[in-house]
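Trainee: Structure of the sequence below:
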Amino acid sequence: MKKGNPYGTHRVISPKGVLPQPADVIDNNMEIYDNEVKINVKTLNIDSASFTEIVKQSVGKKPTDDLSADEIQKIKDCMMGIVAKAGKHKNPWTGSGGMLIGTVEEIGPNWKGDLKVGDKIATLVSLSLTPLVIDEIHEMRASIDQVDITGHAILFQSGIYAKLPDDMPEGLALSALDVAGAPAQTAKLVQSGQTVLVIGGGGKSGLLCLFEAKKRAGVTGKVICAAGSQKSEDRARNLDLADEYFHIDATDAVGMYDKIMELTDGQLCDVVINCVNIENTEMASVLACKDDGVVYFFSMATSFTKAALGAEGVGKDVNMIIGNGYCKGHAEITLQCLRDHDGLRKLFQEMYA
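Mentor: Numbering: from 1, shown residues only. Sure thing, here's the model as predicted:
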C-alpha cells in the first residue's frame with residue numbers, strides 16, 4: 001500500500017507543491033493510501049455561500065426560490081461537473097466547499113485515530129480539499145444546502161471529524177456541525193458585559209451565535225440581532241436569543257451604523273459577528289464595531305481586500321478575524337447548544353434536518 005502525507009499532498013495533481021485546499025485538481029481515486037480513511041458518503045452539506053452561488057450560476061435563482069425539475073437537474077449537473085474537473089467539491093466562484101456525513105468503509109493500516117469500520121461520522125474539514133467521487137445525486141434540499149448522494153470520499157490523517165451523536169437525528173447533527181466554527185469562536189470571543197452584534201442572526205449559524213453570545217455576555221451584556229428579513233428577525237425573537245432585534249440589508253453600511261449607534265447610545269459594539277452569505281457586507285460589520293473591538297467574519301462571502309482597505313479608508317482600528325471553521329471543541333460546543341435550548345433544537349429539526 002502506498003504511503004501518504006498526513007496533509008494529503010500526495011493527492012495534489014496541480015499545481016504541484018501546494019496543499020489540497022488551494023490545489024486546482026486533486027486525485028480522487030478511491031484506492032486509499034496507508035494513512036487515509038475511505039468514507040461511504042450519504043449527504044453533502046454545501047456551505048451556504050457556495051450553494052447560493054451555484055444556484056445563481058446554474059439557473060439565476062436563489063436556493064430558497066421555487067425550483068423546477070429541470071432547474072434542479074442543472075444544479076446537479078453543475079455540482080457533478082465541479083467534482084469531475086477538480087476531484088473535489090471546490091466552488092470555482094467562492095473557493096469554498098462544505099462538509100459531509102457518511103460511514104467509515106476502509107481504514108489505512110497506518111492511520112492513527114479512534115475510528116473503526118462502520119462508524120457514522122461527519123467530516124469537519126472542507127469539501128474544497130476532500131477527494132470526492134459522486135456516482136449519483138439523489139434528493140436535493142436546496143433551501144438548506146443539502147444533497148443526498150451515492151459516492152465516496154477520503155479523509156486525510158490531518159482531517160478532523162466528529163462521530164455522529166446517538167441523541168439526535170443525523171440530519172440535525174449535520175446541520176449544526178456544518179457551522180460549528182461560528183458558535184465556538186463566539187464562545188471564545190465574547191466576554192461578560194460586552195455588547196455583541198450578530199449580522200445574519202436569523203440564519204443557521206447566526207442563531208447558534210446569538211445563543212452562545214447571550215450566554216457569554218451575561219446579564220450585564222447586550223446582544224443585538226441584525227436579521228436579513230422580518231421573517232428571520234421573528235425567528236430569532238421567538239426563541240428569545242437576543243436583547244434587541246431588527247432587520248436590514250446588510251450591504252447598507254451606513255444604515256447599519258445608524259441603527260447600531262441608536263441601540264448602543266453611540267458606543268457601538270465590542271464584538272461584531274458576520275454570518276451573512278452574500279457579498280459586500282464587510283463595511284456594515286466594520287462601522288458597527290468600536291475602535292479596538294473585534295469583527296469576526298464567519299461568512300465565506302467575505303472579501304479580505306474589502307474588509308482591510310475599507311477599514312483603513314474610514315479610519316477604523318478594529319481587530320478582524322477570518323472565520324476559521326475549526327476551533328478546539330467546536331463540535332461539542334455546537335451540539336451542546338441544541339441540547340441546552342429546546343426551542344433552538346426544535347427549529348433546527350424543522351428547518352434543517
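Trainee: all strands in the stretch 251-353 of the chain, in order from the N-terminus.
Mentor: 269-274, 289-297, 319-322 (DSSP state E, counting those that start in this stretch).
Trainee: Buried deepest among those strands, which one?
Mentor: Ranked by mean neighbour count, the strands of the stretch 251-353 of the chain are led by strand 269-274 with a mean of 28 (mean count of other Cβ atoms under 10 Å). Where you see a C-beta, it was placed from the backbone N, CA and C, and this is true even at glycine.
Trainee: Format the strands of the stretch 251-353 of the chain as JSON lines; extra columns: distance to L19.
Mentor: Putting these into JSON lines (distance: least, Cβ to Cβ, whole Å) gives the following:
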{"stretch": "strand 269-274", "distance to L19": "26"}
{"stretch": "strand 289-297", "distance to L19": "22"}
{"stretch": "strand 319-322", "distance to L19": "17"}
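Trainee: which stretch in those has the least confidence?
Mentor: For the strands of the stretch 251-353 of the chain, mean pLDDT drops lowest on strand 319-322, to a mean of 94.
Trainee: Using PDB, write out the CA atom coordinates for it.
Mentor: Extracted in PDB, the C-alpha atoms of strand 319-322 (Å, rounded to 0.1, in the frame of the first residue of the first chain):
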ATOM      1  CA  ASN A 319      -9.300  43.600  15.000                       C
ATOM      2  CA  MET A 320     -10.600  41.400  12.200                       C
ATOM      3  CA  ILE A 321     -10.700  37.700  12.400                       C
ATOM      4  CA  ILE A 322     -11.200  35.400   9.400                       C
END
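Trainee: Quick one: distance of that strand to the chain centre.
Mentor: Centre-to-centre, strand 319-322 and its host chain are 16 Å apart (Cα atoms, centre = their mean, to the nearest Å).
Trainee: Minimum distance to Y161: which of the strands of the stretch 251-353 of the chain has it?
Mentor: Closest of the strands of the stretch 251-353 of the chain to Y161 is strand 319-322, at 22.3 Å (criterion: Cβ to Cβ).
Trainee: what sits up against the closest one?
Mentor: With contacts defined as Cβ atoms under 8 Å, 6 or more residues apart in numbering, strand 319-322 is touched by 185, 189, 286, 292-297, 302, 304, 307-308, 311.
Trainee: got the contact list for stretch 227-236?
Mentor: So stretch 227-236 is in contact with 200-203, 206-207, 210, 225, 242, 245-250, 276, 347, going by Cβ under 8 Å, 6+ apart.
Trainee: where along the stretch 101-250 of the chain do the strands fall?
Mentor: Going by DSSP E, counting those that start in this stretch, the stretch 101-250 of the chain shows strands at 120-123, 132-141, 146-155, 161-163, 195-199, 222-227, 244-247.
Trainee: highest average neighbour count across these?
Mentor: Of the strands of the stretch 101-250 of the chain, the one with the most neighbours on average (mean count of other Cβ under 10 Å) is strand 195-199, at a mean of 30.
Trainee: With distance to R11 added, can I get the contacts of strand 319-322 in JSON lines?
Mentor: Putting the contacts of strand 319-322 into JSON lines (distance: Cβ to Cβ, whole Å) gives the following:
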{"residue": "Q185", "distance to R11": "29"}
{"residue": "L189", "distance to R11": "34"}
{"residue": "V286", "distance to R11": "38"}
{"residue": "D292", "distance to R11": "43"}
{"residue": "G293", "distance to R11": "41"}
{"residue": "V294", "distance to R11": "36"}
{"residue": "V295", "distance to R11": "35"}
{"residue": "Y296", "distance to R11": "31"}
{"residue": "F297", "distance to R11": "29"}
{"residue": "T302", "distance to R11": "27"}
{"residue": "F304", "distance to R11": "27"}
{"residue": "A307", "distance to R11": "32"}
{"residue": "A308", "distance to R11": "32"}
{"residue": "A311", "distance to R11": "37"}
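Trainee: what's in contact with the host helix or strand of T52?
Mentor: Under the criterion of DSSP states H and E, T52 resides in helix 48-59. With Cβ under 8 Å, 6+ apart as the test, helix 48-59 has contacts from 46, 61-63, 67, 71, 74-75, 77-79, 91, 93-94, 96-98, 142, 145, 203-205, 277-278, 299-301.
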